[in-house]
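> one predicted model, sequence on top.
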Amino acid sequence: MTTTTTGSKPERDALSSTTVRVPSTPSLDVARVRADFPILGRTVNGRPLVYLDNAATTQCPDAVIDAMSDFYRCCNANVHRGVHTLSQEATEAYEGARAKVAHFLNADAKASIIFTRNTTESINLVAHAWGRRHLRNGDEILLSVIEHHSNLVPWQMLAQEVGCRLRFIDIDESGHLRLDQLDQVLTSRTRLVAISHVSNVLGTVNPIPTIACAARAVGAKVLVDGAQGVPHGPVDVQALDADFYAYSPHKALGPLGIGVLWVRRDILEEMDPFLGGGEMIRDVTLERSTWAPAPAKFEAGTPSVADAVGLGASIDYLESLGMDEIRQHEVRINAYLLERLRELPFLALYGPEDPSDRCGLVAFNDHQIHAHDLGTILDQHGIAIRAGHHCAKPLMRRLGVMATARASFYVYNDVDEVDTLVDALLAARKVFGLST
Ligand code: PLP
């Protein structure tokens with residue numbers, strides 16, 4: 001394997017700068033990591049599974065699966081409401097997971113970590129609980145053209161409801177946000193800037209602190225869609241200078257069914273509840289209710305306790321690998337992936353050229369084979385990739401395509417799987433009788 005640049009010790013990258021250099025040596029022992037993931041031992045269509053759909057959902061290590069199964073075996077009970085031992089143990093496990101997330105993200109308070117179902121629900125929570133209270137006719141929300149539908153549709157719905165206006169930052173030809181447009185699109189009417197930390201199509205790592213600084217200058221709040229951020233490197237929500245940060249643990253070795261929303265502590269009191277019901281109240285009469293303090297105010301009903309326990313275990317696991325090491329691993333894979341894909345003249349690649357500007361994914365198209373056909377053929381080789389619009393239809397339009405294929409790598413993937421991918425892409429050409 002050759003790399004474009006080398007450096008012995010990459011500088012710390014808080015997923016907001018482009019200072020990571022391509023490491024010359026592996027930062028993770030991938031063979032050891034793989035042994036922790038039982039699903040990677042299976043075959044698909046008679047071939048060993050090559051799982052390259054990590055931007056959609058990652059796999060769980062034994063540590064996560066065991067933690068959740070232990071919870072159900074040993075202390076399954078509802079939380080916060082029982083005086084009996086099982087309920088107290090379940091509550092401790094649930095609140096312990098919250099403390100781990102708070103530490104992992106360097107949150108300003110444990111109470112500012114709210115558990116939801118996923119990133120989508122976290123963003124909807126902000127739109128309802130903060131947006132409806134603070135946005136008015138004529139106010140503006142600044143988004144970008146790369147946003148996932150999760151960070152677009154909730155704001156469209158809010159805009160229709162309250163009459164505010166959506167504005168957008170474009171991208172340049174290299175797949176970076178046009179920061180030069182900030183001066184025009186940020187105005188005294190901007191109340192919120194909602195931007196993804198990392199693009200799920202282009203892989204671009206966006207410079208959140210720079211954007212947040214510009215947003216602050218006009219008095220706007222900043223929401224970061226961290227669905228593709230948290231999995232891929234160290235995230236410090238306070239250093240990013242955000243007000244809201246959302247992510248989905250199922251994209252970072254955790255279970256499906258639980259999401260995270262961090263809200264800056266001093267904003268919690270400026271938010272109304274999202275859902276009403278049990279657990280989120282201080283008092284209830286037949287006519288009226290008052291609200292419990294955060295985070296309970298935003299967590300109506302019985303939460304996904306076992307998923308929270310699994311989330312806590314996933315954080316322990318990620319920290320045992322090291323978030324800096326994970327970032328370096330991805331930059332190294334990226335460098336090789338881009339290099340190998342660039343050898344294939346029949347492919348169009350999307351996103352920044354520099355492997356250190358992006359997380360471990362590449363979207364591409366074969367000029368002659370539809371992305372869905374490519375995905376189906378690769379599946380015959382045991383390779384799982386994603387094909388489609390990636391819930392980013394406006395970005396597809398901006399790129400002038402209907403769909404792309406996307407290969408996304410994580411901690412248990414290595415460069416040999418890049419080679420398997422390339423071989424399968426060549427084999428797909430043969431299926432259609434096309435030149436390689
Ligand atoms: N935002 C981005 C950038 C994503 O990539 C995704 C999922 O792929 C989401 C939001 C939505 O995540 P979820 O479906 O877990 O809510």
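That came in fine, so what should we check first?

> alpha carbons only for contacts and neighbour counts from here, please
Noted.

> most distant residue from the centre of the chain?
residue 286 (41.2 Å; Cα atoms, centre = their mean).

> now name the helix or strand holding that one.
Using DSSP states H and E, residue 286 sits within no helix or strand.

> so what's the residue count around the residue lying closest to residue 351 once chain neighbours are set aside?
Once flanking residues are discounted, residue 351 sits nearest to residue 202: 4.2 Å by Cα to Cα, 6 or more residues apart in numbering. By the criterion of other Cα atoms under 10 Å, residue 202 has 23 neighbours.

> kindly report the same for the one 10 residues further on.
By other Cα under 10 Å, 22 other residues sit near residue 212.

> same check, this time on residue 367
11.

> does it touch residue 344 like I think?
No. Contact criterion Cα atoms under 8 Å: residue 367 and residue 344 do not qualify, at 10.8 Å.

> now do residue 305 against residue 262, distance only.
According to Cα to Cα, to the nearest Å, residue 305 and residue 262 sit 18 Å apart.

> more neighbours, these two?
The residue with more neighbours, out of residue 305 and residue 262, is residue 262; 29 against 24, by other Cα under 10 Å.

> confirm that the more buried one sits in a strand.
Yes. Using DSSP: H, G, I helix; E, B strand; the rest coil, the secondary structure at residue 262 is a strand.

> surely it is in contact with residue 114?
Yes. In this structure residue 262 lies within contact range of residue 114 using Cα under 8 Å: 6.2 Å.

> what does the protein put close to the ligand?
Residues of the chain lying near the ligand by Cα under 6 Å from any ligand atom: 56, 118-120, 148, 150, 196, 199-200, 225, 227-228, 248.

> what's the farthest-apart pair in those residues?
118 and 199 (17.0 Å; Cα to Cα).

> of the two, which one has the most company?
Neighbour comparison, residue 118 and residue 199: the larger count goes to residue 199, with 26 against 21 (by other Cα under 10 Å).

> residue contacts, the more buried one?
Neighbouring residues of residue 199 by Cα atoms under 8 Å, 6 or more residues apart in numbering: 146, 147, 205, 206, 228.

> SS state for the last one?
I take that to be residue 228. Assigned with three-state DSSP, residue 228 falls in the coil class.

> ok, now which ones touch it?
55, 196, 197, 198, 199, 200, 247, 251.

> only the buried subset of those residues, as a PyMOL command please.
To isolate the buried members of the contacts of residue 228 in PyMOL, using 16 or more other Cα atoms under 10 Å:
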select buried, resi 55+196+197+198+199+200+247+251
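
> dump the contacts of residue 228 to a markdown table, plus pLDDT, secondary structure and distance to residue 90.
Output for the contacts of residue 228, formatted as a markdown table (pLDDT from 0 to 100; DSSP: H, G, I helix; E, B strand; the rest coil; distance: Cα to Cα, whole Å):
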| residue | pLDDT | secondary structure | distance to residue 90 |
| --- | --- | --- | --- |
| 55 | 98 | coil | 31 |
| 196 | 98 | strand | 33 |
| 197 | 98 | coil | 33 |
| 198 | 97 | strand | 34 |
| 199 | 97 | coil | 36 |
| 200 | 98 | coil | 35 |
| 247 | 98 | strand | 23 |
| 251 | 98 | helix | 24 |
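
> closest to residue 319 among the contacts of residue 228?
Using Cα to Cα, the contacts of residue 228 come closest to residue 319 at residue 251, 15.2 Å.

> settle this for me: the closest one is touching residue 56, isn't it.
Yes. Between residue 251 and residue 56 there is a contact under Cα under 8 Å: 6.6 Å.

> any common contacting residues for these two?
By Cα under 8 Å, 6+ apart, no residue touches both residue 251 and residue 56.

> distance-wise, check the residue farthest from the centre of the chain relative to residue 196.
Separation of residue 286 from residue 196 (Cα to Cα) stands at 42 Å.

> can you tell me the centre-most residue of this protein?
residue 227 (1.5 Å).

> contacts only, for the nearest residue to that residue once chain neighbours are set aside.
Spatial nearest neighbour of residue 227, chain neighbours left out: residue 247 (4.3 Å); criterion: Cα to Cα, 6+ apart. Counting by Cα under 8 Å, 6+ apart, residue 247 touches 118, 119, 122, 225, 226, 227, 228, 229, 230, 259, 260, 261.

> and the strands in the stretch 251-400 of the chain, which stretches?
Applying DSSP state E, counting those that start in this stretch to the stretch 251-400 of the chain gives strands spanning 259-263, 281-284, 289-291, 347-350, 361-366, 383-384, 386-388.

> of those, give the one that comes closest to residue 132.
Closest to residue 132 of the strands of the stretch 251-400 of the chain is strand 259-263 (Cα to Cα; 15.9 Å).

> elements contacting the closest one?
Contacts defined by 3 or more Cα pairs under 8 Å, 6 or more residues apart in numbering; DSSP states H and E place strand 259-263 against strand 113-116, helix 119-126, strand 244-247.

> adjacent strands (with direction) for the first one?
On the basis of DSSP bridges, the sheet neighbours of strand 113-116 come out as strand 259-263 (antiparallel).

> average model confidence for the partner strand?
Strand 259-263 shows a mean pLDDT of 98.

> now it and helix 119-126, what's the angle there?
Strand 259-263 runs at 30 degrees relative to helix 119-126, counting by axes from the mean of the first three to the mean of the last three Cα atoms, to 10 degrees.

> can I get strand 259-263 in CSV? Just the C-alpha atoms.
Output of strand 259-263 as CSV, limited to C-alpha atoms (Å, rounded to 0.1, in the frame of the first residue of the first chain):
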residue,chain,number,x,y,z
GLY,A,259,-30.2,8.2,20.0
VAL,A,260,-28.4,11.1,21.8
LEU,A,261,-29.0,14.8,22.0
TRP,A,262,-26.7,17.1,23.9
VAL,A,263,-28.2,20.5,24.6
